[in-house]
Structure formats: C-alpha cells, structure tokens
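In: Predicted coordinates and the sequence they were generated for:
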Amino acid sequence: MSNQTKPSISLSDLKSGAVVNMKDLYDDLEYTADELAEMTGLYDQTINNLKEGQIVKGRVVSISDKDVRIDIGFKSDGVVALHEFGEKQPLALGAEVEVFLESMENKEGLLILSKKRADFVRIWEKITHAHDHDEIIRGRIARRIKGGMVVDLLGVDAFLPGSQIDVRPIRDFDALVGQEMDFKVVKINQPTENVVVSHKVLIEKDLENQRGAILQNLEPGQVLEGTVKNITDFGVFIDLGGVDGLLHITDLSWGRVNHPSEVVNLDQTLNVVILDFDKEKKRISLGLKQLQPHPWENIEERFPIGSKVAGKIVSIADYGAFVEIEKGIEGLIHISEMSWTQHIKHPSEKVQMGQAVSCVILSIDKETKKISLGMKQLEEDPWDNLLKKYPIGAKVKGVIRNITNFGVFVELEPGVDGLIHISDLSWTKKIRHPGEIVKKGEEIEVTVIGVDSENRRISLGLKQLEENPWETFESVFPVGTPVTAKITKVTEKAIQVDLPYALDGFIPANQLNERGKDLAQSYKLDQELTVVVIELNKEDRKIVLSETEAANISNKEAMKSVAGAGGNDSAMAAALKEAGLAGAKKKASKKKEEEAEG
C-alpha cells in the first residue's frame with residue numbers, strides 16, 4: 001500500500017466478511033494494484049456465497065416512510081418493509097443489521113430481504129437449542145384456545161396443553177392469561193414450525209424429591225395435611241404434597257354419604273389419616289372419619305330404650321324405612337312398627353325420602369350396630385282397650401275384607417280385623433269354602449268369641465248368633481230314630497245327605513242296602529232315603545245314619561210317619577210310639593243323664 005491516506009476498508013475486514021461497496025474497492029488512491037486485485041477476488045467470492053434462505057448482515061443505506069434499503073454487499077441493494085423493524089429497534093443510516101435473504105432479485109432488480117424472518121430464525125434457533133439441551137425458557141400466557149393456552153415464547157406462539165399447566169386440575173383457565181412462568185419445550189415440529197411447551201414437568205421435577213421423602217416415611221396411622229385434588233363418585237383424591245392418596249366415600253363420614261361433594265370441596269385443605277400404603281403399587285388409602293369419635297360409643301347412654309328421637313328418612317326398602325338419628329347412626333322402622341291400625345303394604349305409604357320423623361327407640365344391638373325404631377309407639381295402642389270395646393259375647397257389625405280357605409277376615413273398624421274361622425260359620429253345614437256362605441265387601445253381624453291383645457287377634461263367630469242346635473238335636477234325633485234324608489254327595493265309601501233342621505248326615509257304605517256296588521250307579525243326587533240314626537256326636541257335630549237298620553223296622557207305615565215328622569216334636573213322639581220306638585228317645589235321654597252323673 002502507498003504512503004497515501006489509509007483506506008477505510010482493509011483486506012482483513014473483507015476477509016472477516018465485512019459488507020463493502022464496490023466503489024470503495026476501486027479507489028486507486030487507497031490501494032496498490034496487488035491489494036486491489038486480491039480484494040476484488042475476495043469480493044467476487046462473497047457474492048458467490050450468497051444464497052436464498054440464509055441470514056446475512058447488511059448496512060442501512062437509506063430509510064423511507066415505507067421501507068429500508070440495505071446493502072448486503074451484492075451488486076444490488078435489498079429492501080425491507082419498515083414495519084418489520086418495529087418501534088423497539090431504532091434505525092440509523094450505516095447501522096448494521098441481520099436480514100433474511102428471501103429472493104436474489106425481484107422485477108425491479110432488488111434483493112428481497114426480511115428482518116422479521118431473520119428475527120424468527122434466530123428465536124427458533126434458541127428454542128431448538130433449549131429443546132435439545134433441556135433448558136428452561138421464560139414465557140407469557142397470551143390467550144386461551146381449545147384444549148389449552150397460547151404462550152408467547154420469545155415472540156413465537158407456542159401451544160401449552162391444558163393437561164400440562166399444573167399437576168392439579170385447573171379450575172379457571174382465563175385467570176392464567178397474562179401470567180409469566182417458566183416452560184420446558186417438550187416438542188418441536190420443524191416443517192410446520194409448531195412448538196409445544198409444558199409447565200407441569202417443571203413442577204413434577206420439583207415434587208419428585210418431595211415424593212420420595214414422603215413415600216419413604218409413610219406409615220399407617222400417620223395424620224397428614226392434604227388438598228382435595230379431584231372428586232369422583234367413589235371417592236376423593238388428596239394431594240399430600242406430590243403424592244396422591246384416595247379417600248374412599250365410605251371413609252369420608254360415619255354417616256351416610258350419597259356423593260363425596262356433600263362432605264368436601266375442590267382445593268379444600270384438610271387433615272387425613274393413612275389407613276394403608278401399598279409400597280409396590282404406591283397406593284395410599286386415606287381416612288377422614290377415623291379422626292372423629294365413633295358414633296356408637298356410649299350409644300345406650302345417649303339413646304336409652306323407650307326414648308323419643310327425631311331423625312330423617314335416608315332410605316326406604318320394601319320391609320321398612322331407615323332413619324338417620326345422628327351422623328353415622330341409623331335405625332330401622334319396620335313396616336309393622338309404623339301403625340297400630342293401618343294395613344301398610346309399602347313404607348312409602350307412610351313416609352317419604354328426606355322426611356323428618358319422630359320415633360321411639362325399641363332396641364339396640366351394639367354388636368351388629370342395629371337399632372330398631374317405632375313410629376306407632378308415639379300413639380296409644382288401641383288394642384289396650386279393645387277388650388273393653390269388644391267384650392266376649394258382644395254382637396258387632398263389620399265388613400268382610402278378605403276371604404281365605406280357612407276363614408273370613410272382618411274389619412270391625414279401621415285397622416282392627418277379626419277372623420271368623422270356617423268352623424264358626426255354621427252349626428250344621430259342612431262348609432268346604434267360606435265363599436259358599438259370605439261375599440267380600442258384605443256387611444255382616446258377628447259375635448265376639450275371643451280377644452288376644454298380646455297377639456292382636458280377635459276371634460269372631462257367625463254361627464254363635466244362634467244357640468247351639470246340637471243340644472236339641474240330641475233329643476230330637478236319638479239313636480234309632482228313623483228320618484227321611486236327601487242325597488247331596490256320593491263318594492266311593494259313603495253318602496252325604498241333607499236332614500231336617502239343615503243338618504248334614506253321613507251314611508257309611510256298609511250301612512247302605514246297595515253295598516258292594518258302584519254307589520254312584522245305585523244312588524243319585526237329590527234322591528230321598530229313609531234311614532235310622534245310629535250315632536249322634538254333638539261335640540264333633542256328626543250324625544251317622546243307616547239305611548239297613550231302617551229296613552229292619554217291622555212297622556213300615558209307622559216308620560214313615562216318624563221320618564216325616566221332621567222338626568215337630570209332638571208328631572215325632574206320636575210316630576215313635578206307633579212304630580214301637582217310643583222308648584228310644586227316653587233311652588237316649590237316660591244314657592245322657594248317666595254320662596253326666598258319671
């Protein structure tokens with residue numbers, strides 16, 4: 001180089017990649033021929049290294065109201081839109097800037113450059129570096145979108161999934177907008193330039209050490225403080241400081257709990273006790289009610305037998321209703337203990353879910369934790385005075401409520417029923433079913449024949465409305481008395497007949513004239529027979545007759561008169577005398593007296 005003024009651009013500057021203008025290189029006063037040749041070669045090499053899609057350095061040569069002209073050392077300048085620099089980047093002529101070479105030449109012969117793209121590439125390089133080297137980047141949550149949040153990460157939009165914000169469920173996503181926090185880049189998609197970040201992984205990393213310490217010292221019986229993290233139908237998940245435990249619904253309260261949300265709230269802080277810890281599966285079972293006294297302690301002292309208590313219906317079954325008389329203490333009102341008088345088919349006829357009721361403690365079984373309650377005991381038992389109201393022998397009226405094979409139920413008053421046994425329907429008829437005599441819903445008069453207050457039973461009689469005719473029958477139909485009978489039923493071994501006074505008689509097969517044959521062929525229904533009484537048992541109300549004995553009586557005409565006398569005692573006596581059987585009645589009466597004296 002000559003002794004003239006030192007050039008503004010040195011050879012070392014050009015070698016280091018400085019941006020120069022060709023005009024400066026051709027100043028003969030500044031460089032020797034050899035220096036100029038070497039610098040020209042380096043300049044040509046620089047132009048050949050420029051490629052589209054790379055970041056280059058340039059100098060601001062002019063600034064207008066719309067764009068900025070930048071010299072990057074190419075044969076032509078490039079332009080960048082002014083708004084790409086932003087207000088935070090002051091511009092001055094000659095300032096060196098980094099730009100992105102988008103196109104070598106447009107239709108005007110100018111380079112197409114982008115400052116915004118150059119900035120994005122530099123930021124993208126930082127994000128990529130943070131991802132590759134597991135570094136933390138500070139960012140600001142910009143807005144909420146479907147599935148998560150958008151984070152401003154060094155000027156680039158990144159996606160923060162809702163599940164990656166915190167270890168605890170987020171209740172209010174909108175409250176996070178505008179907050180700054182640290183993030184870890186968990187995923188980068190280079191072709192689409194998408195970034196996924198997480199804040200949760202940083203929290204989990206901090207909690208990992210706490211989790212290890214907690215698990216190492218965890219033992220059943222410990223009481224720890226925790227926060228309600230999640231509520232499900234079956235229980236509550238409690239955050240114990242990096243470790244989650246399950247508080248089952250059955251361990252929330254000694255009382256009945258339909259849903260855990262009745263007892264706890266999200267984010268609520270509470271003390272719980274460790275019930276069990278599975279070290280292999282790392283499962284922790286927690287309890288809340290175990291921190292409270294057991295409600296069954298001193299149960300007999302707090303709820304003595306016979307005391308009146310108030311409670312709420314918490315469950316209804318077919319057999320009764322369960323009443324919560326205190327948290328954790330429930331008793332059963334059996335359906336039979338709901339009313340003295342009403343015929344309750346289902347407890348819902350008397351009580352409803354959630355209804356407040358009063359009841360009486362009937363019994364307590366502390367071992368099985370069962371309490372029997374009663375509602376009807378709050379009222380006077382009508383059976384206590386029932387004997388006074390319905391004395392034995394009283395004639396009362398009632399409505400037939402039900403008919404069974406064994407008898408008839410008669411409602412005397414609401415809730416008070418009496419039973420007419422089938423044997424108390426008639427003195428004389430052998431009744432196969434009560435429906436032959438009475439009908440359901442019919443009002444009838446009956447006689448009270450028995451009251452059992454302890455077992456709550458009233459025995460009624462229909463036949464007792466009349467005197468027992470069997471006392472008379474014994475004198476009217478003594479053994480040996482002929483009588484006319486009408487056949488009402490024929491079986492293989494006997495015939496049943498209808499006698500005067502609505503009596504039923506019984507003729508054994510061996511007392512029939514046509515014995516040894518098919519009785520149904522020889523004897524027909526409604527056929528009349530002349531028979532003789534061979535047995536009368538007033539206790540069993542049974543009359544046994546004989547057709548063969550009637551055939552042995554010599555005076556047939558007189559016998560027919562006897563049979564036809566029916567219920568006329570005078571006619572019967574005269575007919576017996578004429579038939580030569582006048583002593584039969586006296587003999588029967590004498591025998592009765594002897595049995596009485598004996």
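Out: Noted; the coordinates are in hand.

In: Could I get the full set of helices for the stretch 351-500 of the chain?
Out: 386-389, 470-476 (DSSP state H, counting those that start in this stretch).

In: Take those and lay them out in CSV including distance to residue 135, mean neighbour count and mean pLDDT.
Out: All C-beta spots, glycine's among them, are computed from the backbone N, C-alpha and C. CSV is the format used below for the helices of the stretch 351-500 of the chain (distance: least, C-beta to C-beta, whole Å; neighbours: other C-beta atoms under 10 Å; pLDDT from 0 to 100):
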stretch, distance to residue 135, mean neighbour count, mean pLDDT
helix 386-389, 93, 14, 80
helix 470-476, 116, 16, 73
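
In: The stretch 301-450 of the chain: strands as residue ranges?
Out: Secondary structure of the stretch 301-450 of the chain, counting by DSSP state E, counting those that start in this stretch: strands at 308-317, 320-326, 329-334, 356-365, 370-374, 395-403, 407-413, 416-421, 443-452.

In: Can you redo these as JSON lines, where the extra columns are mean pLDDT, mean neighbour count and distance to residue 503?
Out: Formatted as JSON lines, the strands of the stretch 301-450 of the chain follow (pLDDT from 0 to 100; neighbours: other C-beta atoms under 10 Å; distance: least, C-beta to C-beta, whole Å):
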{"stretch": "strand 308-317", "mean pLDDT": "93", "mean neighbour count": "15", "distance to residue 503": "53"}
{"stretch": "strand 320-326", "mean pLDDT": "92", "mean neighbour count": "21", "distance to residue 503": "51"}
{"stretch": "strand 329-334", "mean pLDDT": "93", "mean neighbour count": "21", "distance to residue 503": "48"}
{"stretch": "strand 356-365", "mean pLDDT": "93", "mean neighbour count": "16", "distance to residue 503": "52"}
{"stretch": "strand 370-374", "mean pLDDT": "93", "mean neighbour count": "20", "distance to residue 503": "51"}
{"stretch": "strand 395-403", "mean pLDDT": "91", "mean neighbour count": "15", "distance to residue 503": "25"}
{"stretch": "strand 407-413", "mean pLDDT": "90", "mean neighbour count": "20", "distance to residue 503": "22"}
{"stretch": "strand 416-421", "mean pLDDT": "89", "mean neighbour count": "21", "distance to residue 503": "20"}
{"stretch": "strand 443-452", "mean pLDDT": "90", "mean neighbour count": "17", "distance to residue 503": "21"}
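
In: among those, which is nearest residue 509?
Out: Proximity to residue 509 (C-beta to C-beta) singles out strand 416-421 among those, at 30.7 Å.

In: buried residues in the helix or strand encompassing residue 276?
Out: Following DSSP states H and E, one finds residue 276 within strand 269-278. Neighbour-count burial for strand 269-278, counted by 16 or more other C-beta atoms under 10 Å, picks out 270, 272, 273, 274, 275, 277.

In: could I get the helices of the stretch 351-500 of the chain as TSV with distance to residue 543?
Out: Shown next, in TSV, are these (distance: least, C-beta to C-beta, whole Å):
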stretch	distance to residue 543
helix 386-389	37
helix 470-476	8
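
In: Alpha carbons of the strand holding residue 276, as PDB, please.
Out: This file holds the C-alpha atoms of strand 269-278, laid out as PDB (Å, rounded to 0.1, in the frame of the first residue of the first chain):
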ATOM      1  CA  THR A 269     -57.300 -28.300  52.800                       C
ATOM      2  CA  LEU A 270     -57.900 -31.000  55.400                       C
ATOM      3  CA  ASN A 271     -56.200 -33.500  57.700                       C
ATOM      4  CA  VAL A 272     -56.400 -37.200  56.800                       C
ATOM      5  CA  VAL A 273     -55.100 -40.400  58.300                       C
ATOM      6  CA  ILE A 274     -53.100 -43.000  56.500                       C
ATOM      7  CA  LEU A 275     -55.100 -46.200  56.500                       C
ATOM      8  CA  ASP A 276     -53.000 -48.400  54.200                       C
ATOM      9  CA  PHE A 277     -50.000 -48.000  52.000                       C
ATOM     10  CA  ASP A 278     -49.000 -50.400  49.200                       C
END
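
In: which residues sit against it?
Out: With contacts defined as C-beta atoms under 8 Å, 6 or more residues apart in numbering, strand 269-278 is touched by 218-228, 238, 245, 247, 251, 264, 283-288, 290-291.

In: Can you name the element that comes right after it?
Out: strand 283-287.

In: does the spatially most central residue of the chain belong to a helix or a strand, and which?
Out: Nearest to the mean C-alpha position of the chain, counting by C-alpha atoms, centre = their mean, stands residue 258 at 8.2 Å. Per DSSP H and E: residue 258 is located in neither a helix nor a strand.
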